[in-house]
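S.K.: This is a predicted model, with the sequence first.
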Amino acid sequence: MMPDDKLSNVEDPIGAHRGRLMGLAYRMLGSMTDAEDVLQDAYLRYASADISTIRSKEAFLVTIVTRLCLDRLKSAKTKREVYIGPWLPEPTPDADALSPQTALELADDLSFALLLTLERLSGQERAAFLLHDVFDRPYSEIATALGKSEAGCRQLASRARKAVHEDREPRASSPDQHQLLLQRFMEAAASGDAGRLQALLTDDAIAYSDGGGVRIAALNPVIGADKVARFFVGLMKKGIRENSIIRPVIRDVNGAPGLLVYVDEELDNVLSLELKQGKISTIFVVRNPEKLHGLAGGVLN
């Protein structure tokens, strides 16, 4: 949508590059809502620029989006320092639309685990790594975007790359295996048998729940297979005691099968799993309603 009539005759420069730019902004910010705002601001900046001086439309847009994201990260850092409980990224159902369409190792990885690793990096480390290792941009272009030397950008990307590979567990399971374990998790939690659920978890399993201070959630990560199992069985029993109708729906979330959990036909939370050696190692639960808008209109069957 064009911002105003003055710009209505300007060709939309975002159109041909929207997926890549949105993918960059989402990975930088962990929020589709903020990423959409960044692309709107990028459009406005492009529309007011002297186009005759722009040699590469894509490089120019990548620079604008990167700088806008870095500006937003400064204010986001302050907000997240006072965020109630664990902060998790905003889940997205359409990972394909955010693909940079490169053959690089992490090009299709939109997992919560990777996004949380990126969250621990500085803004410039995150940008240098994403632009080079995910979006295949040359260091000369990254240097322009970040206002640093090429050597400095190489160092930023190298530090970020080391952190990512130290934290990252490669996805070794197929989507079918992932979905099967998700179904078993769902059935075990509904059975009320904590032992049955615990058998699906690694010993050091960990669960994060993000309510944002708006919905009830654990204020700290739940650590250990026994505690995680009892935590989810307790949630199911609480729903039963309150006579709520709980209906889980399997749907792709950030590029892997996840659960959309409806309570009395309203989307209550989105659950995503990380697997290790055929078991569940990490569970991410997003309950903050501000992060569920993109999935709230999902199919309920």
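M.R.: On my side now, so go ahead. Numbers count the residues shown, from 1 in each chain.

S.K.: buried ones in the biggest helix by length in the chain?
M.R.: Here the longest helix in the chain is taken by residue count, with DSSP state H as the criterion, and it is helix 57-81. Within helix 57-81, the residues scored as buried using 16 or more other Cβ atoms under 10 Å are 59-70, 72-73, 76. (Glycine included, C-beta is placed from N, CA and C.)

S.K.: Would you map the helices across this structure?
M.R.: Using DSSP H, the helices found in the chain span residues 18-29, 32-47, 57-81, 112-119, 123-129, 139-146, 150-167, 175-191, 194-198, 225-241, 293-296.

S.K.: ranking the ones you listed by burial, who's on top?
M.R.: Per-residue neighbour counts averaged over each of the helices of the chain give the maximum for helix 123-129, namely a mean of 25 (mean count of other Cβ atoms under 10 Å).

S.K.: what's the spacing between the residue sitting furthest away from the middle of the chain and residue 14?
M.R.: Within the chain, the residue lying farthest from the chain centre (Cα atoms, centre = their mean) is residue 52, at 36.4 Å. When distances are taken as Cβ to Cβ, to the nearest Å, residue 52 and residue 14 turn out to be 20 Å apart.

S.K.: Give me the pLDDT value at residue 12.
M.R.: Turning to residue 12, the model gives it a pLDDT of 73.

S.K.: That one and residue 44 touch, don't they?
M.R.: No. With contact defined as Cβ atoms under 8 Å, residue 12 does not count as touching residue 44 (11.7 Å).

S.K.: what's the lowest-mean-pLDDT helix or strand in the chain in contact with?
M.R.: The element with the least model confidence among the helices and strands of the chain, by mean pLDDT, DSSP states H and E, is helix 293-296, at a mean of 78. Contacting residues not belonging to helix 293-296 are listed as 32-33, 90-93, 251, 253, 260, 267, 270 [Cβ atoms under 8 Å, 6 or more residues apart in numbering].

S.K.: biggest separation within the residues you listed, which pair?
M.R.: Longest distance between any two of the contacts of helix 293-296 is 19.3 Å, between 33 and 251; criterion Cβ to Cβ.
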